[in-house]
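J.: Could you look at this predicted model? Sequence included:
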Amino acid sequence: MKNATRTWLGVLSVAVSLVVFVIPFAFIVLTAVKDPQQASRLDFSWPHRFQLVDNLVQVVQARDYILVIAFINSVILTVASVAAMVVLGAMVAFVLQRRVTRWTGLINFLVLSGLIIPPAVVPTIWVLQKAGLFGTLPGLILVEIAFGLSFSILLFRAFIATIPRELDEAAVIDGASPLRLFFQVVFPVLRSVIVTVIVVQSVAVFNDFTNPLYFLPGEQNATVQLTLFTFQSQYTTSYNLLFMDILLITVPPLVMFLFFNRQIVAGMTAGAVKG
Amino acid sequence: MTTVVPTGPPAAEQPKLATRTRRSAQTHSPYPTWFYLPAAVIYGTLFLVPTFASFYFSLTRWTVFRSTFIGLDNFTEFFQEPALVKGFVNTFLYAVATSGLKVVLGLLLGILLTSQIRARGYLRSVVFFPVLVSTVGVGITFTALMDPSTGAINSALSAVGINGPGWLTDPSLALFSVALVDVWKGVGLATVIYIAGIVSIPQDYYEAARIDGAGPWQLFRNVILPLSWPATSTVIVLSLIGGLRSFDLIWAMTRGGPGFSSDVVASVIYKQYQAGFYGLSTAGNVILFLVVTAIIVPLSRFLALKEVER
């Protein structure tokens, strides 16, 4: 490509990207720091008064610190479910990739089904109720694990296929039990794909709206995504607080993106191509 | 669960030795079957059991207290009630529109962002970042931006003399507007999939094409398009699955309104659940299940087949 073409195409693309992709985020930030009167107009304008700290304090204190509770809930939900997806998913993928039996085809089919089939909502609630877990955080954690396992297994299986079997054999000859073989020999080798799974799945679980909406009803045990929903219906006049909430919720994915951009992209494309 | 059944002997084994090796394989294999167990229990009880149960419950009138078997009544209701039929049709429109736009825009952006353009790193990041942002947050933001009178989009349009439409208030436009926001949020994923596909095309093809005197259009038509086919089929399948199941963006932006004009099956499922019609809601789930499998399974077969042919 000629140098002049490179430049004007670059300038044009940057200009378009500013309008299409940056303005919506600028709108979030600007509205989040406005005073209530100006924010309620919902127009794209420069704030008359910057009250970042004011709005921040107000949104945190709103409705008895619901946002703080929600953040704690979301962190517990994300950490617990992603940890389980990593360990359990890697265990399944390890045996599934290493030992081919007549059940392998069926198990592969079930794993793929988990990616494609939309979960049946009310029957899941019914099962959770029978187990006494409906509307509790542990119940939601188990649901997130069940729905996220398939993707984790696919990522792990593709990576384990690249690890030579000689590694396992050497460990077995040295007398390692299956548990030791997996947790002390194989698991450390999986480090890079573990990072990928953690990053991709934690963004997915943290941003999940549908499952908390169905399986964790009730005002007091909200997750962060649900606070948006309740703020939207109850704070129709305080748009500055609503957008401050959106801004706060965007921070964790942004941090993930800044530190793990490569792993996220690698994980999403690899999982996509394999799936 | 099927996964805890002990495994048979390898095919090459002598029949006499079979019993002994089977037992020893079971106790001494470095790849024990019980590794499946914890995942299988969670997946089985919270995904497989509800999925199978949904087929039964979709045939019942199911309230908080009890369920009575009523045969296919829920399904006939689903296809007779105009509001529900609308949701069924909209699901297809939404999925096809989002997935088509993601393929076209993702491919164009993929080509643009693999070329020697300036500010490539910035552009890749800014296109991809919306994928990671909360869907509900995006929905609320665009609801404000698409406001017919004060929203930024119509203000900008009126500045150049165009009278912008009521993006989310016009019943014939609402679903399409939500689909556009879905594309805005999801095109980054399509783009990185295309980037991965285009980067993996060996340089030899480009050189050979150039030596044969191919122009940019021919390069696109005869080299990039066919050789990035795996990326295309991935984007189609992924965005169709996502589009058919889509709920949170629609719910955040229009709640299926105005009227029922932007309802899809997933939002019907939620509305019927809220109203206490659990049987009807589950019938919606079964319909969604059938639609998704009836489209995705043959489609991915077909796409894989085309991949081999090329």
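T.: On my side now, so go ahead. Residues are numbered from 1 along each chain as shown, chains lettered A, B, ... in the order given.
J.: Please make it C-alpha for all contacts and neighbour counts, starting now.
T.: Fine.
J.: What parts of the stretch 151-300 of chain B come near chain A?
T.: Applying CA under 8 Å from any CA of the partner chain, one finds that the stretch 151-300 of chain B approaches chain A through B:151-152, B:189, B:192-193, B:196, B:230-231, B:234, B:238, B:241, B:245, B:247-248, B:252, B:273, B:278, B:281-282, B:285-286, B:288-289, B:292-293, B:296.
J.: Filter these down to just the ones in strands.
T.: Applying DSSP state E to these, no entry is found in strands.
J.: Write the ChimeraX selection for whichever of the residues you listed are buried.
T.: Of those, the buried ones can be selected in ChimeraX as follows, counting by 16 or more other CA atoms under 10 Å in any protein chain shown:
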select /B:151,152,189,192,193,196,230,231,234,238,241,245,247,248,252,273,278,281,282,285,286,288,289,292,293,296
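J.: Looking at the residues of the stretch 151-300 of chain B next to chain A, which are in helices?
T.: Members of these lying in helices (criterion: DSSP state H): B:152, B:189, B:192-193, B:196, B:230-231, B:234, B:238, B:241, B:245, B:248, B:252, B:273, B:278, B:281-282, B:285-286, B:288-289, B:292-293, B:296.
J.: check which helix or strand covers A:Leu248.
T.: In the assignment (DSSP states H and E), A:Leu248 maps to helix A:239-274.
J.: is any part of that helix close to chain B?
T.: Yes - shown here: helix A:239-274 in contact with chain B (CA under 8 Å from any CA) through A:Phe243, A:Ile246, A:Ile249, A:Thr250, A:Pro253, A:Leu254, A:Phe257, A:Val265, A:Met268, A:Thr269, A:Ala272, A:Val273.
J.: can you give me the mean pLDDT across stretch B:30-37?
T.: The average pLDDT for stretch B:30-37 rounds to 87.
J.: That one spans what distance, first to last residue?
T.: End-to-end span of stretch B:30-37 (CA to CA, to the nearest Å): 16 Å.
J.: and that stretch with chain A, contact?
T.: Yes - using CA under 8 Å from any CA, we find that stretch B:30-37 touches chain A at B:Pro30, B:Tyr31, B:Pro32, B:Thr33, B:Phe35, B:Tyr36.
J.: now the helix or strand where A:Ala62 lies against helix A:239-274, angle please.
T.: Counting by DSSP H and E, the element that carries A:Ala62 is helix A:52-98. Relative orientation of helix A:52-98 and helix A:239-274, computed by axes from the mean of the first three to the mean of the last three CA atoms, to 10 degrees: 20 degrees.
J.: Quick one: name whatever helix or strand follows helix A:52-98.
T.: The first helix or strand that comes after helix A:52-98 along the chain, using DSSP H and E, is helix A:104-116.
J.: elements contacting that next one?
T.: Identification of packing neighbours for helix A:104-116 by 3 or more CA pairs under 8 Å, 6 or more residues apart in numbering or on different chains; DSSP states H and E yields helix A:137-160, helix B:278-309.
J.: Within range of chain B, give me the residues from the stretch 101-250 of chain A.
T.: Proximity of the stretch 101-250 of chain A to chain B (CA under 8 Å from any CA) is limited to residues A:101-103, A:107, A:114, A:116-124, A:127-128, A:142-143, A:145-147, A:149, A:168, A:172, A:177-178, A:181, A:203-204, A:207-210, A:225, A:228-229, A:243, A:246, A:249-250.
J.: Separate out the buried members of the residues you listed.
T.: Neighbour counting by 16+ other CA under 10 Å classes A:103, A:107, A:114, A:116-124, A:127-128, A:142-143, A:145-147, A:149, A:168, A:172, A:178, A:181, A:203-204, A:207-210, A:225, A:228-229, A:243, A:246, A:249-250 among those as buried.
J.: So A:Arg180 belongs to a strand, correct?
T.: No - A:Arg180: not assigned to a strand; according to DSSP: H, G, I helix; E, B strand; the rest coil it is helix.
J.: okay, now it: neighbour count?
T.: Here the number of neighbours of A:Arg180 (other CA atoms under 10 Å in any protein chain shown) works out to 15.
J.: Equivalent analysis for A:Ser233, please.
T.: If we define neighbours as other CA under 10 Å, then A:Ser233 has 10 of them.
J.: Quickly find the element holding it.
T.: Using DSSP H and E, A:Ser233 falls within helix A:224-234.
J.: where's that helix relative to the chain centroid, distance-wise?
T.: Centroid separation between helix A:224-234 and its chain, computed with CA atoms, centre = their mean, to the nearest Å, is 18 Å.
J.: Tell me which residues touch B:Ser99, please.
T.: Contact partners of B:Ser99, counting by CA atoms under 8 Å, 6 or more residues apart in numbering or on different chains, are B:Val235, B:Ile236, B:Ser239, B:Leu240, B:Gly243.
J.: Give me the pLDDT for it.
T.: B:Ser99 is assigned a predicted lDDT (pLDDT) of 95.
J.: Assign it to helix, strand or coil.
T.: Assignment for B:Ser99 (three-state DSSP): helix.
J.: Return the distance of it relative to chain A.
T.: Distance, B:Ser99 to chain A, using CA to the nearest CA, to the nearest Å: 15 Å.
J.: Please report the distance of that residue from A:Val265.
T.: Distance, B:Ser99 to A:Val265, using CA to CA: 20 Å.
J.: ditto for B:Ser200
T.: B:Ser200 sits 15 Å away from A:Val265, going by CA to CA.
J.: between the two, who's got more neighbours?
T.: A:Val265 (20 against 11).
J.: wait, what's in contact with the closest residue to that one other than its chain neighbours?
T.: What sits nearest to A:Val265 in space, not counting adjacent residues and going by CA to CA, 6 or more residues apart in numbering or on different chains, is B:Val192, at 6.9 Å. Contact analysis of B:Val192 by CA under 8 Å, 6+ apart lists A:Val265, A:Thr269, B:Gly110, B:Phe128.
J.: Point out where chain A drops to low pLDDT.
T.: By pLDDT under 70, the low-scoring segments of chain A are A:1-2, A:234-237, A:270-275.
J.: about what we covered before: just checking, what packs against the helix holding A:Ser233?
T.: Counting contacts by 3+ CA pairs under 8 Å, 6+ apart, helix A:224-234 is packed against helix A:52-98, helix A:191-207, helix A:239-274, helix B:135-145.
J.: Let me know which of the ones you listed is the nearest to A:Gly10.
T.: Ranking the helices and strands packed on helix A:224-234 by proximity to A:Gly10 (CA to CA) places helix A:239-274 first, at 21.9 Å.
J.: Tell me how far B:Phe79 lies from B:Ala252.
T.: B:Phe79 is 26 Å from B:Ala252, by CA to CA.
J.: actually B:Leu180, not the one I typed
T.: B:Leu180 is 14 Å from B:Ala252, by CA to CA.
J.: what helix or strand is B:Arg255 on?
T.: Here B:Arg255, judged by DSSP H and E, is contained in no helix and no strand.
J.: list the contacts for it?
T.: B:Arg255 is in contact with B:Ser262, B:Asp263, B:Ser267, counting by CA under 8 Å, 6+ apart.
J.: with the residues you listed in mind, which one is nearest to B:Ile117?
T.: For the contacts of B:Arg255, the closest approach to B:Ile117 (CA to CA) belongs to B:Ser262, at 39.1 Å.
J.: Other residues contacting the helix holding A:Ser233?
T.: Applying CA under 8 Å, 6+ apart, the contact partners of helix A:224-234 are A:66-67, A:70-71, A:73-74, A:206-209, A:212-213, A:242, A:245-246, A:249, B:134, B:136-137, B:252.
J.: what's the angle between it and helix A:239-274?
T.: Counting by the same axes, to 10 degrees, helix A:224-234 lies at 140 degrees to helix A:239-274.
J.: got the angle for helix A:224-234 vs helix B:135-145?
T.: For helix A:224-234 against helix B:135-145, the angle by the same axes, to 10 degrees is 30 degrees.
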